[in-house]
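Undergrad: Pasting the sequence and the predicted coordinates here, then a few questions.
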Amino acid sequence: MAMKQIEGNKLAQMFIEGAANLGNHVKVVDSLNVFPVPDGDTGTNMNLSITSGIKEVKQTIQADASKVAAAFAKGLLMGARGNSGVILSQLFRGFSKALEGKQTINSVEFADALQNGVETAYKAVMKL
């Protein structure tokens, strides 16, 4: 059966699995580092940041998607490491803002939230 709506519990699972995937590929992401200087720690900083976000999500797992997204964004911001961690936190800050008040989301709302996250992250980079 195809899923039509994403509830908070499923969104939390998506964040957790995505973080695990990043954790499995830290060295690859480290090797891609080019901004602002090629110092080779982008994957490490993103992984440390996302781990902080996941810790907050695991304390907030529930059916409300907006609350899960807000917890993830808060955890990312509080644990942001380096420029890449700050940028990642801003991506999910924008994502979270787009989901405010939504208990469940559909695929269009998910995509729109990601786009809002991209726009928020770009604005943040302009200020770095």
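TA: Received the coordinates, thanks.
Undergrad: Which parts of the protein are strands?
TA: Using DSSP state E, the strands of the chain run over 6-7, 104-105.
Undergrad: now what about the last one, what contacts it?
TA: Residues from elsewhere that reach strand 104-105 (C-beta atoms under 8 Å, 6 or more residues apart in numbering): Gln5, Ile6, Glu7, Gly8, Leu11, Ala65, Leu99, Ala113. Quick note: C-beta positions are derived from backbone N, CA and C, even for glycine.
Undergrad: how about 7 Å then?
TA: Gln5, Ile6, Glu7, Ala65, Leu99 (C-beta atoms under 7 Å, 6 or more residues apart in numbering).
Undergrad: what are the bridge partners for the third one, then?
TA: According to DSSP bridges, the residues that bridge with Glu7 are Thr104.
Undergrad: Confirm for me that it is in contact with Ala65.
TA: Yes - if you go by C-beta atoms under 7 Å, Glu7 and Ala65 touch, sitting 6.1 Å apart.
Undergrad: These two: which is more packed in?
TA: Neighbour count, other C-beta atoms under 10 Å: between Glu7 and Ala65, Ala65 has more, with 26 against 17.
Undergrad: Helices of this structure, residue ranges please.
TA: 8-24, 26-32, 42-58, 65-78, 82-98, 107-127 (DSSP state H).
Undergrad: Now mean pLDDT too, for the ones you listed, in JSON lines please.
TA: Below are the helices of the chain laid out as JSON lines (pLDDT from 0 to 100):
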{"stretch": "helix 8-24", "mean pLDDT": "97"}
{"stretch": "helix 26-32", "mean pLDDT": "90"}
{"stretch": "helix 42-58", "mean pLDDT": "95"}
{"stretch": "helix 65-78", "mean pLDDT": "97"}
{"stretch": "helix 82-98", "mean pLDDT": "95"}
{"stretch": "helix 107-127", "mean pLDDT": "93"}
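Undergrad: No further questions, thank you.
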